[in-house]
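1. Below are the sequence and a predicted model; questions follow.
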Amino acid sequence: MDKTASVSPASDLPESGHVQAKVYDLPFFLLCGGTVLFMASFGMLLPELPAHLATMGGEAYLGGVVGMFTLAAFLSRFISGRLADNAGRRKVMLIGSAVTALAGFGYLVATSIASFLALRFLHGLSTGFRPTGTSAMLTDRIPRSRRGEALGYLGVAGNAGMAAGPALGSWLTVEWGIEWMFVTSALLGMASLLFTWPLKETLPGARPIRRSDLNPFNGALVDPQAWPAAAVLLSVAIAFGIYLTITPDFVDHLGYRYKGSFNTIIVVSSISMRFIAGRLSDRHGRIPLLLAGAVLLTIGMLLLGSAETKTMATIGGLIYGASIGINMPTVFAWTTDLAQPGKIALALGTMLMALEIGIGGGAIYSGMRFQGDVSRIPELYYVAALGSALTAIALIPPLLRGRRS
């Protein structure tokens, strides 16, 4: 047995345990700090990469900025969850941080469309590993009754990185040049690696990585218990894929100089909601919170689609951000509730496959449909609103059944 594997799984912790005693300590802050740095590292690239690809003559491949990234993240889920449940959470986190650091330097030399898209694929492997390991490690350290709260705070850390990263990336690109943004992204990835290194493994019996762990056909690929959470996450992810693909051009059309500043509005709203959403889901249940999140997502997308001024776009962005702040910690907590014993990371990986499918599908569809024509932007936001509205309708019957029982 790994000498560092000394923390019992969350399923074994007494329900009377206090999350403060299990989580809010140095390992918790290292987890959160590493998450901030990791999310800022890849998030800072998002507002500027579409224009960078366009300078290479790759307007027709704009969907690939997000699509190739999410395809790699999706495929890596077939390995990362099982690897985290057998070889340990820490190893999976280290792999994710190392890949994002390497990718940051790689953008400096990816000067053709083919090399750029290949690098996006490599970079996507990082998010297939790091979030799965991080969420599983945090879940190991908390009792079941406080998962929503703790995962909500971890989400705050991730959102903080996504708030600071795009704003910093746009500033660096405008004031210093895109090369400095790539270097900074790589350095943040390296810092995330340093924050992760001191963490002790929380999986009892963690062992070295074996060659068989890298074979996707060796053992279970998914946890079927996680499908309900994955289904709810799908519409959230489709909306996010559409948002990532068209919003840089949308805010440029509205007259924003620093395109990343609009992302900051979204993320600050999400952070604010995460401080209370996880705790509310622990108290009132996952499904009521997910229904509220789906309704807000629908409203936010409708407002963005109809926005013709910065003010209206800001209101829509704030509501959309609030929906993310509700949906993400709640669906993570619901997934860990549904997971089979000893398969929490596999369940998280299964749920996150829906994230990659939705983001990739939304990005590719919107990229093919958009192709630089700003008149099509409202239509694409409305498509995202329709998907979330259907999810809200689908959540009503289980909510009613739960109340009757």
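-> Cool, got the structure.

2. separation between the residue lying closest to residue 127 once chain neighbours are set aside and residue 120?
-> Excluding the flanking residues, the one nearest residue 127 by Cβ to Cβ, 6 or more residues apart in numbering is residue 73, at 4.6 Å. Bear in mind the C-beta positions are built from the backbone N, C-alpha and C, glycine included. Residue 73 sits 11 Å away from residue 120, going by Cβ to Cβ, to the nearest Å.

3. can you check residue 302 too?
-> Residue 302 is 30 Å from residue 120, by Cβ to Cβ.

4. Mind checking which of these two has more residues around it?
-> residue 120 (26 against 21; other Cβ atoms under 10 Å).

5. per-residue pLDDT, the closest residue in space to the more buried one that isn't next to it in sequence?
-> The shortest distance from residue 120 to any non-neighbouring residue, by Cβ to Cβ, 6+ apart, is to residue 68 (4.0 Å). What the model reports for residue 68 is a pLDDT of 83.

6. same deal with the one 10 residues further on?
-> The predicted local confidence for residue 78 comes out at a pLDDT of 80.

7. what's the answer for residue 328, then?
-> 90.

8. Any idea how many residues pack against residue 310?
-> Neighbours around residue 310, by other Cβ under 10 Å: 14.

9. Find the residue closest to residue 368 in space, skipping its chain neighbours.
-> Closest to residue 368 by Cβ to Cβ, 6+ apart is residue 63, at 6.1 Å.

10. contacting residues for the one you found?
-> Counting by Cβ atoms under 8 Å, 6 or more residues apart in numbering, residue 63 touches 245, 363, 364, 365, 366, 367, 368.

11. Can you pull out the low-pLDDT segments for the stretch 1-150 of the chain?
-> 1-24 (pLDDT under 70).

12. was I right about residue 202 contacting residue 142?
-> No - the pair residue 202 / residue 142 is not scored as a contact, 10.6 Å apart, by Cβ atoms under 8 Å.

13. Surely residue 186 touches residue 99?
-> No - look at residue 186 against residue 99 with Cβ under 8 Å: they stay out of range, at 11.1 Å.

14. Comparing those two, which residue is more hemmed in?
-> The neighbour count for residue 186 versus residue 99, taken as other Cβ under 10 Å, is higher for residue 99 (25 against 20).

15. and that one, what element?
-> If you go by DSSP states H and E, residue 99 is part of helix 89-106.

16. Which secondary structure elements does that helix sit against?
-> helix 26-43, helix 63-86, helix 113-140, helix 178-196 (3 or more Cβ pairs under 8 Å, 6 or more residues apart in numbering; DSSP states H and E).

17. so what's residue 107 up against?
-> Residue 107 neighbours (Cβ under 8 Å, 6+ apart): 45, 116, 119, 182, 185.

18. Based on its surroundings, how many neighbours for the second one?
-> Looking back up the chat, that one is residue 116. 22.

19. any idea how far residue 98 is from the closest residue to it other than its chain neighbours?
-> In this structure, residue 116 finds its nearest non-sequential neighbour in residue 110, 4.6 Å apart by Cβ to Cβ, 6+ apart. For residue 110, the distance to residue 98 (Cβ to Cβ) stands at 18 Å.

20. Could you do residue 381 as well?
-> 36 Å.

21. Where does the prediction get shaky in the stretch 301-405 of the chain?
-> 403-405.

22. can you pull out the helices in it?
-> Taking DSSP state H, counting those that start in this stretch, the helices of the stretch 301-405 of the chain run over residues 310-338, 344-370, 377-404.
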